[in-house]
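Novice: fold the following, please.
(2 chains)
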Number of protein chains: 2
Amino acid sequence: MASSLKRLLIGKPIATERHQQERLGRRTALAVFSADALSSVSYATEAILTVLILGGALALGFSLPIGLAVAFLLIMVGLSYRQTIRSYPQGGGAYIVSRENLGELPGLVAAGALMIDYVLTVAVSISAGVAAITSLASTWGHPELRAFAVPLALVFIAVVSLSNLRGTKESGTFFAIPTYAFIAGIMGLIGYALIHDFIQGADPVVHIIPPDIPADQALGVWLLLRAFAAGCIALTGIEAISDGVQAFKPPEGKNAATTMTAMILLLVTMFLGITYLAYLHGAMPNLNSQETVISQVARTVFGVGPAYTFVQVATALILIIAANTAFADFPRLASFLSRDRFLPRQFASRGDRLVFSNGILVLGLSSALLVVMFQANAIALLPLYAIGVFTSFTLSQAGMVVRYIRLQPAGWQRSILISGIGAILTATVMVVLAITKFVHGAWAVIVLIPLMVLGFKTIHRHYVRVADQLSLSTAARPRPVRRITAIVLVSGIHKGTLPALELAKALAPDNVTAVYVNLDQEQGERVRARWSEWGCEIPLVILDSPYRSLVTPLLKYVDEIEGRYRDDHMLIVLPEFIPSRWWQNLLHNQTGMLLRTALMFRKGKTVISVPYKLER
Amino acid sequence: MASSLKRLLIGKPIATERHQQERLGRRTALAVFSADALSSVSYATEAILTVLILGGALALGFSLPIGLAVAFLLIMVGLSYRQTIRSYPQGGGAYIVSRENLGELPGLVAAGALMIDYVLTVAVSISAGVAAITSLASTWGHPELRAFAVPLALVFIAVVSLSNLRGTKESGTFFAIPTYAFIAGIMGLIGYALIHDFIQGADPVVHIIPPDIPADQALGVWLLLRAFAAGCIALTGIEAISDGVQAFKPPEGKNAATTMTAMILLLVTMFLGITYLAYLHGAMPNLNSQETVISQVARTVFGVGPAYTFVQVATALILIIAANTAFADFPRLASFLSRDRFLPRQFASRGDRLVFSNGILVLGLSSALLVVMFQANAIALLPLYAIGVFTSFTLSQAGMVVRYIRLQPAGWQRSILISGIGAILTATVMVVLAITKFVHGAWAVIVLIPLMVLGFKTIHRHYVRVADQLSLSTAARPRPVRRITAIVLVSGIHKGTLPALELAKALAPDNVTAVYVNLDQEQGERVRARWSEWGCEIPLVILDSPYRSLVTPLLKYVDEIEGRYRDDHMLIVLPEFIPSRWWQNLLHNQTGMLLRTALMFRKGKTVISVPYKLER
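Specialist: Numbering: from 1, shown residues only, chains lettered A, B, ... in the order given. Next up is the predicted model:
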C-alpha cells in the first residue's frame, strides 16, 4: 500500500542511463537562476521599513539612502561574482571555492551557512508568496485568509517537494513564465507610477489594515544600521548563477557572466523603484504582513483591478519558483558533502526518479518546521536569513582573492581588487548583520553554523575510521569455522517453532539446545509438558527470570555456553512468525528485534531468524 | 546511555515476588478514591456558569436549580453504585460488570468509553490544576503566568507519569493530605462565608480579569438543558470506589459502601455550597479561565491572604492527585482488555518496576496531546469529558439490573428499582449530553467509541487467528532439512565480509554463492578484481541494477535460485558491520534491515546476520 502511494505521488523509477542535463540559453537561464534573487524585491523594501518605523513614521524617509547603499553593495558583489563565474566554469559554489582555496574548515563553514540558507530560502519565499496571496484576498475583502497562512504555506512546500521528488525536468519555459511575468509586473508598475505621479501627483496609500507603528525607539545610527542590515536581504540568491554555470550553453562562462550582469541590473532597478514608490505613496508595514508593502503600492498605483491582481499573482509565483531553486541547490550541496564524507552517505545516492531524494525530504521537512515555528511570517524569518548568505559570500570572495594570488592569471591585480573589495564589504556587512540582528534571531544561526561544522567533522572522522577498520591491507586470512553450536530461543512450543528447531538440528547436528525464559509459571509448565512430543529431540533449558526480563537471563546463558565451547562458532536461532499484514506487528512483542539488537550490539553474535509466515 | 537515563528516572527493576497490594482503612481509602470525584467541585460550577452566561448575566441565577438537579442525580447514582460495590467485592468496573451481565459488545463499549474518559480525566484535572495556580498568580498581579499554562501542564503530566512508572507505592498519607486539605479548604470557605454573609452581607466579586459575557443567545429550555449537561461533570470519578473494592480492609464491601456514602455527601455539600456562593457573590467565568470561579469566590470571601492561598494550593494538589488516579485505572483496564486479547499484549506485561508501563506511557502521551490541542483550557475540554462517563454509568447499572433479574438475591426487587432508576436517569442524561454537547466536541467521542470497539474486535480476531494457525493440534511433523543452499549478499569485499563468507562455506559446503549488486560500475570492477584473492573460493555473481535498486535484483535472483534447488533449505547470509555507537547507524545505509524486511515479508526467507563489530 505504502509502495503504491509512493508510485502515485512520485511516479515510476527512471533508469540510471537516462540521467542528463539540459543546457539553457541566456534568456531561459536568466529566468531559472534569477528567480531567487529577483523575488527578494518582494520583501526587501518592507524589511527596511519594518525597522525604520520603530523610529516613527517620519523615519521612513531614510529608506531611500539605505536603498542606495544596498544597491551599491549589490553591484559590487555582482561584479565580484562575475569573476568567480569566469574562473569556475564547472560551477563555483561557495563550498567548492572556499574549500579549494582556503582549506577544509572555511569550506565546511561555507557549506553549513549555505545549508541553513537554503532552508530559509524555502521558508521565507513560501511565506512571502502566501503573504502576496493573502494581501490580495485582503483587498478583496477577505482578510481572514491570513489565518490560514500556515496550512497554505505547508501545502505549497509539500507540492514543491513532491514535484522535486518526481524530478521530471520541467522545461525552462516553466520557470520563464513566472519570472518574466514578475519582471514585467514590477517594471510596469514602476514605469506607470513614475509617469502617472509626474502628471497627477502621488496618491497616498489608503490602509485597509492599520499600520503597525510601535515608534518606541530613538532614530539614530543604530536604527539606521539595523535598517541597512535588513535591506541586505536583497542580495540573497545572487550567487545562484555561479553554482550553475555548467547548465549554460557554451561558451558557458561568457553566457553566465552576461546573464549575471542582466540580473544585477534588473534587481537594482526593481528594488530601488519599489523602495522609492513605497516612500512616495506612504506605504507602511503592518502586523504579520497582513498586507505587504508591495501590495499597498500596486493597489494604490493601479487601483484594485486586473493590473494589481497580475502583480500579486506574479509575485506569489516567482516566490514559489524561488523556493524551488533551493530544492535543486540543497540536495546537490548535500550530495557534494556526502561524497566528501561530511554528511551521511544516504545524501549521495539518487532515488527512484534520479534525484537526491533524501536531500529533498530533509529540506522540505526543515523548512516546514520553520514555517510552523514562525507562523509563515516572512518578515519575522528575515533576521535569520541574511547571516548565512553573507558568510558564504565572504568566504567565497576571500577564496577568489587567494586563488588570484596563487595562480596570477592575466589581469590578476584588477581581479584581486574587485574580489577583495567584495570580500571586505560583505565581511563588514556580515559583522553588522551579526551585531544588529543578534537578538532578533541571528544568534540561532551563529550557534548553528559551528554545530553543523562539528557535525560534519564527526561524521567525517567516523567514515575514515570505518574505512581503516575494514581495509583488507591489514587483514589476516580468516580462520575457517570448525564446529557450529546452536541455541534456539523459543517463546513457546507451537507450529511457528518447529521449522526453527529442524533447521537448528541440521545446522548444528553435534551441539544444539533450546532455551525458554520462564516469565509465567503456568506457561512454562505447559512448554515442558509438550516438549518430549514436539521438541524434535533437542534438549530444553528453562531459565528463570526474577525481574521479568527476557533479555538479561538469555544473555547470561549465551555467555555461559560461549565460555564452554570456545572454539565453536555460535549461532542464535530465533523462530519468528511473520504476520500477514504490517500493522499486526504492533500486536506482538517485538522480542525478535529486541533480542537481535541486544545480541548484535553487546556481543556481535550471529543471529538467524527462521520465519513462519501466517496466512491470515 | 539511554539505559542509565531510564535507571535514573524510574529506578532499578523490582523482583516479581515483591508484588503485593496495600489494604486501606476507610479514612485513607476516602482520600485515595475520592480525589477524582471531589476535585470536580473545582470546575463543575464554572462549567454551568459558562453556559448560562450565554443568556446574559441575569441567567446566572438559574445555576441554583440546576445545581440541585445535578445533586439529585449524584445521590441516585451514588445509591446505585453502593449496590454494585456489595455485589462485586472483587472490583466491579463498568467493563467487567457490563461484559459479565450484558455481553461482549456492551462490555467493549464501556471499556472504550472508560479509556477515553481516563485520558480526559488527566487532561482536564491537570488543566484545572494549572488554572488554580495561574488564578492565584493573577491575584498576585501576575496574569502573564497564564501564557505558560501549556508547558506547566505538560511538566505536571510528565511528573505524574514518571512517578507512576517508578511505581513505588506511596503510602495512603501521601494522598490523604491534599484530599483532606481540599475538603477542609472548601468546607471552611462555605462555612465561613455563610456566617460572614449572614452577619455582614455578601460582597460582590471585584473582577481582576473582565468576565466574558457573549450574551448572544436567548435564555430558554435549550440553554438550561445545556447548563445542566455541563454541570453533570460533577459526577465524573464517583465510580472509582467500585473499581477498587479489593483495596479496602475487610469487610471490603461494607467499608467501601460506607466510604461511598461519605464521598457522595461531601461532594453534594461542596458542589451546592460553591454554586450558591458563586451566585451570591456574582462570580463570573472569564475567557480561558484566566481566573477560575472558585478563585473569585475564595478571594472575595477570605480576601487575598493565607486562607485564599490555602484553597488555591489545595485545589491544585487534589487535581493532580485526581489525574494520578487515572494513571492507576487506565493501565489496569488496558491490562484487563489485553488479557482478554482486545488490546495488544504489550499492555498486559508489567515493566521493570512491576507497573503496566505501556499503559502509563500511552495515557501520558495522549493526555499531553489533548492538553496541547486545547491549550490547557479545562472548560473547553469538558464537553468531551462527560459523555464517556455517562455511557459507562448507564451500561454498568443496566448490567446490574440484568444481574439482579438473573440471580434474584435477597431484596432483589428493591435493588432492581434503585439500579433501574439509576440506569434510566444516566441514560437520559447521556442522550441529553450527546445532543447538547454534540457540536461542542462530544461528536468526537461519539465517533471515537465505535472506532475503538472496532479496533478491539479487529485485534481480538487477529489473536484468535494466530492461535489457530500456530496450534499444534493440526500440525504435521515437520520435514527434516535435507541440504542447505546459501547466498551471501556482499556490499563489497572488506574485513567485514570475510567472516560471513567463512561461515556460509561451513553452513552450506555443497552449494554457496556470493552476490553483489552493481550500483556503481567502478566499485563493481574493484570487487571483481579482488575476489580471486579474498573470496574464500566462493563463486561471485554480479547483478546489474538499471534502476539503482538493491532489493529488486536480489529478490529476482533469490527466486531463481530457489526455483533451481527446490528441495534445499535456503539461507540468505548478510554480513553486517556494527558501529561502536548507536548514532553511527544513521551514517550507514540500513541495507541489512531493508533486505531482511523485504525477504521476510515477501518470501519468509531464513536470514542470517553475520556481525562484524567495529571497535571505534
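Novice: so what does the helix or strand harbouring A:S242 touch, helix or strand wise?
Specialist: Secondary structure from DSSP states H and E places A:S242 in helix A:240-243. Identification of packing neighbours for helix A:240-243 by 3 or more C-beta pairs under 8 Å, 6 or more residues apart in numbering or on different chains; DSSP states H and E yields helix A:26-39, helix A:63-87, helix A:252-281, helix A:306-339. In short, each C-beta sits where N, CA and C put it, glycine included.
Novice: what about the helices in the stretch 51-200 of chain A?
Specialist: Assigned helices in the stretch 51-200 of chain A, in chain order: A:63-87, A:94-102, A:104-139, A:149-166, A:172-200 (criterion: DSSP state H, counting those that start in this stretch).
Novice: what lies in contact with the helix holding A:S242?
Specialist: A:29, A:33-34, A:36-37, A:81, A:84-85, A:88, A:91-93, A:256, A:259-260, A:263, A:325, A:329, A:332, A:396 (C-beta atoms under 8 Å, 6 or more residues apart in numbering or on different chains).
Novice: which segments of chain A make up each domain?
Specialist: Here the domain parsing of chain A from automatic domain parsing is A:23-462, A:484-613.
Novice: let me know which of the helices of the stretch 51-200 of chain A is tucked in deepest.
Specialist: helix A:104-139 (a mean of 26; mean count of other C-beta atoms under 10 Å in any protein chain shown).
Novice: tilt between that helix and helix A:94-102?
Specialist: Helix A:104-139 runs at 150 degrees relative to helix A:94-102, counting by axes from the mean of the first three to the mean of the last three C-alpha atoms, to 10 degrees.
Novice: from the middle of its chain, how far away would helix A:104-139 be?
Specialist: 10 Å (C-alpha atoms, centre = their mean, to the nearest Å).
Novice: got the angle for it vs helix A:149-166?
Specialist: Using the same axes, to 10 degrees, helix A:104-139 lies at 130 degrees relative to helix A:149-166.
Novice: what mean pLDDT does helix A:104-139 have?
Specialist: Averaging pLDDT along helix A:104-139 gives 94.
Novice: one more: stretch A:373-385?
Specialist: So the average pLDDT for stretch A:373-385 ends up being 89.
Novice: equivalent analysis for stretch A:92-100, please.
Specialist: The average pLDDT within stretch A:92-100 is 90.
Novice: how about stretch A:328-347?
Specialist: The model assigns stretch A:328-347 a mean pLDDT of 91.
Novice: rewinding a little: how about the helix holding A:S242 as PDB, C-alpha atoms only?
Specialist: Extracted C-alpha coordinates of helix A:240-243, given in PDB (Å, rounded to 0.1, in the frame of the first residue of the first chain):
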ATOM      1  CA  ALA A 240      22.800  31.100  -7.900                       C
ATOM      2  CA  ILE A 241      24.300  31.700 -11.400                       C
ATOM      3  CA  SER A 242      27.800  30.900 -10.100                       C
ATOM      4  CA  ASP A 243      26.600  27.500  -8.900                       C
END
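Novice: run the chain-centre distance for that helix.
Specialist: Counting by C-alpha atoms, centre = their mean, helix A:240-243 comes out at 18 Å from the chain centroid.
Novice: next one: A:L333 relative to chain B, how far apart?
Specialist: 18 Å (C-beta to the nearest C-beta, to the nearest Å).
Novice: for that residue, list the residues it contacts.
Specialist: Counting by C-beta under 8 Å, 6+ apart, A:L333 touches A:93, A:95, A:111, A:114-115, A:118.
Novice: if you set the cut-off to 10 Å instead, what comes out?
Specialist: By C-beta atoms under 10 Å, 6 or more residues apart in numbering or on different chains, the contact list for A:L333 reads A:93-96, A:110-111, A:114-115, A:117-118, A:243, A:326, A:343, A:347, A:356, A:359.
Novice: ok, so of those, who is nearest chain B?
Specialist: A:L343 (8.8 Å; C-beta to the nearest C-beta).
Novice: among the helices and strands packed on helix A:240-243, which is nearest A:T428?
Specialist: Closest to A:T428 of these is helix A:63-87 (C-beta to C-beta; 9.6 Å).
Novice: now A:R345: how far from B:I199?
Specialist: 82 Å (C-beta to C-beta, to the nearest Å).
Novice: just A:V159 next, same as before
Specialist: Separation of A:V159 from B:I199 (C-beta to C-beta): 72 Å.
Novice: cool, and A:Q408?
Specialist: 102 Å.
Novice: ok, A:L433 next?
Specialist: 69 Å.
Novice: next one: A:A29
Specialist: To B:I199, A:A29 is 90 Å away according to C-beta to C-beta.
Novice: and A:I487, by the same measure?
Specialist: With C-beta to C-beta as the criterion, A:I487 and B:I199 are 84 Å apart.
Novice: check A:V124 too.
Specialist: Taking C-beta to C-beta, one finds A:V124 at 67 Å from B:I199.
Novice: again with A:S392
Specialist: Relative to B:I199, and taking C-beta to C-beta, A:S392 is found at 78 Å.
Novice: kindly report the same for A:M452.
Specialist: Using C-beta to C-beta, we find A:M452 at a distance of 72 Å from B:I199.
Novice: got it, and A:A486?
Specialist: Using C-beta to C-beta, we find A:A486 at a distance of 89 Å from B:I199.
Novice: buried residues in the helix holding A:S242?
Specialist: Judged by neighbour count (16 or more other C-beta atoms under 10 Å in any protein chain shown), helix A:240-243 contains these buried residues: A:240-243.
Novice: for chain A, what's the longest strand?
Specialist: Taking DSSP state E as the criterion, chain A has its longest strand at strand A:569-578.
Novice: does that strand come close to chain B?
Specialist: Yes. Using C-beta under 10 Å from any C-beta of the partner chain, we find that strand A:569-578 touches chain B at A:569, A:571-573, A:576-578.
Novice: tell me where the model's unsure across the stretch 501-616 of chain A.
Specialist: Applying pLDDT under 70 to the stretch 501-616 of chain A flags residues A:601, A:603-604.
Novice: now the helices for it?
Specialist: A:521-534, A:551-564, A:591-603.
Novice: now render the ones you listed as a markdown table, adding mean neighbour count and distance to B:L73.
Specialist: Supplementary listing: those in a markdown table, determined by neighbours: other C-beta atoms under 10 Å in any protein chain shown; distance: least, C-beta to C-beta, whole Å:
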| stretch | mean neighbour count | distance to B:L73 |
| --- | --- | --- |
| helix A:521-534 | 13 | 45 |
| helix A:551-564 | 15 | 52 |
| helix A:591-603 | 17 | 49 |
